[in-house]
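Asks: Sequence plus the predicted model coming up.
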Amino acid sequence: MSLRIVRLGTPRAPDEGTRIGTVRRPPRGVPKEQFAAQDWYDVWYPNLAPSNDTVKMAQAAATPQEWAAFERRYRAEMGTPENRHSIALLAQLSRQTNFSMGCYCEEEAHCHRAVLRALLAEAGAQIAE
């Protein structure tokens, strides 16, 4: 059993399980009924997405220092009790079932899902590579 961190909209891996979208907004121009069929996500969970202002920081980050500032701010957002509980729940579930989580960004290294991966690992999640 494990959790996969994925790019939403890409083909699903075998045994990937339920796909969770940790994005602020649904995919543009896609009817809600098609989200799962088009490999976007099965469940939308924007609670683990960065706030709009924090997303703007990530998009504008051009230096390692700016990316580090984004990471600190996103980690602070994920440090709220509700988000800590969500991360703990998902980490526990990853040891019992297969599922995936993700975002639309092309490069994981310059996306909140890289930080989310680290937060989940820190919480003891079983993460597939």
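Replies: Perfect, I can see it now. Numbers count the residues shown, from 1 in each chain.
Asks: could you list every residue that touches Thr10?
Replies: Asp39 (CB atoms under 8 Å, 6 or more residues apart in numbering). (Glycine included, C-beta is placed from N, CA and C.)
Asks: I meant Val6, not that one.
Replies: 13, 16, 19, 100-102.
Asks: Mind picking the two most distant members of these?
Replies: Maximum pairwise distance among these (CB to CB): 12.9 Å, between Ala13 and Met101.
Asks: Common neighbours of the two, please.
Replies: By CB under 8 Å, 6+ apart, the residues touching both Ala13 and Met101 are 4, 6.
Asks: Please identify which of those two sits among more neighbours.
Replies: Legend: neighbour count by other CB atoms under 10 Å for Ala13 and Met101, higher for Met101 (26 against 13).
Asks: Can you tell me how far that one is from Ala91?
Replies: 11 Å (CB to CB, to the nearest Å).
Asks: same check, this time on Ala118
Replies: When Ala118 is compared with Ala91 (using CB to CB), they lie 12 Å apart.
Asks: ok, these two, which is more surrounded?
Replies: Ala91 (19 against 13).
Asks: thinking the more buried one is in contact with Arg117, fair?
Replies: No: here Ala91 lies out of contact with Arg117, judged by CB atoms under 8 Å, at a distance of 11.4 Å.
Asks: which residues are in contact with both of the two?
Replies: Between them, Ala91 and Arg117 share no contacting residue, judged by CB under 8 Å, 6+ apart.
Asks: Does Arg19 belong to a helix, a strand or coil?
Replies: strand (DSSP: H, G, I helix; E, B strand; the rest coil).
Asks: wait, isn't it in contact with Pro11?
Replies: No: applying CB under 8 Å, one finds Arg19 not in contact with Pro11, separated by 11.1 Å.
Asks: Return every residue with contacts to both of those two.
Replies: Common neighbours of Arg19 and Pro11 (CB under 8 Å, 6+ apart) are Asp39.
Asks: Look at the two and report which has more neighbours.
Replies: Using other CB under 10 Å as the criterion, Arg19 and Pro11 rank with Arg19 on top: 22 against 7.
Asks: Tell me how far that one lies from Ala58.
Replies: 22 Å.
Asks: That'll do, ta.
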